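# let's see this in three dimensions:
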Amino acid sequence: MKNSKLINRGILDSLGAVVYIFLVSFALNNAEKLLGPVDNKLLAPVIFLLTFIFSALLTGFLILGKPLMLYLDGAKKESLKLLFYTGLSLFVLLLLAVLLYLIVR
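You can find the predicted model right below:
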């Protein structure tokens, strides 16, 4: 894979993870408005933990899926580059989120 394709893929995977994180955060912050008050004290933690596990699976796939496939196909350098670009773009998005937080608060 060319470097530009690896960079674009890393950015897209990072953006996908951030969009998913935003959606889950929005849902958790508005759960009572969306679903009503919690009546079942047993089911609420189960739903939360299932959401947590699903989130780990999905974000793990978004961040590690393609690099792992490249690595297993023998493209070890490209795999590490893609993982680096994904991590770098996630870090940039984190910095932007912190900056936005500091501006908005």
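# list the buried residues for the stretch of helix or strand K66 belongs to?
Taking DSSP states H and E as the criterion, K66 maps to helix 43-72. For helix 43-72, the buried set under the neighbour-count rule, 16 or more other C-beta atoms under 10 Å, comprises L58, T59, L62, I63, L64, K66, P67, L70, Y71. Where C-beta positions appear, they are placed from N, C-alpha and C, glycine not excepted.
# so what's L70 up against?
Contact analysis of L70 by C-beta atoms under 8 Å, 6 or more residues apart in numbering lists M1, K76, E78, S79, L82.
# most neighbours out of those residues, which is it?
Tallying neighbours with other C-beta atoms under 10 Å puts L82 at the head of the contacts of L70, with 27 neighbours.
# hmm, that one is touching K66, no?
Yes - in this structure, L82 is within contact of K66 by C-beta atoms under 8 Å, at 6.1 Å.
# overlap in contacts, these two.
Common neighbours of L82 and K66 (C-beta under 8 Å, 6+ apart) are R9.
# can you tell me what sits against stretch 19-28?
Stretch 19-28 is contacted by residues L34, T51, S55, L58, T59, L62 when judged by C-beta under 8 Å, 6+ apart.
# is it possible to get JSON lines of those that adds pLDDT?
What follows is the contacts of stretch 19-28, written out as JSON lines (pLDDT from 0 to 100):
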{"residue": "L34", "pLDDT": "82"}
{"residue": "T51", "pLDDT": "92"}
{"residue": "S55", "pLDDT": "95"}
{"residue": "L58", "pLDDT": "94"}
{"residue": "T59", "pLDDT": "93"}
{"residue": "L62", "pLDDT": "91"}
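# redo these as TSV? Include distance to L42.
Below are these laid out as TSV (distance: C-beta to C-beta, whole Å):
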residue	distance to L42
L34	20
T51	16
S55	21
L58	25
T59	27
L62	31
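# of these, closest to G16?
L62 (5.0 Å; C-beta to C-beta).
# look up the closest residue to S14, ignoring the ones flanking it.
Nearest residue to S14 in three dimensions, chain neighbours excluded: S89, at 4.0 Å (C-beta to C-beta, 6 or more residues apart in numbering).
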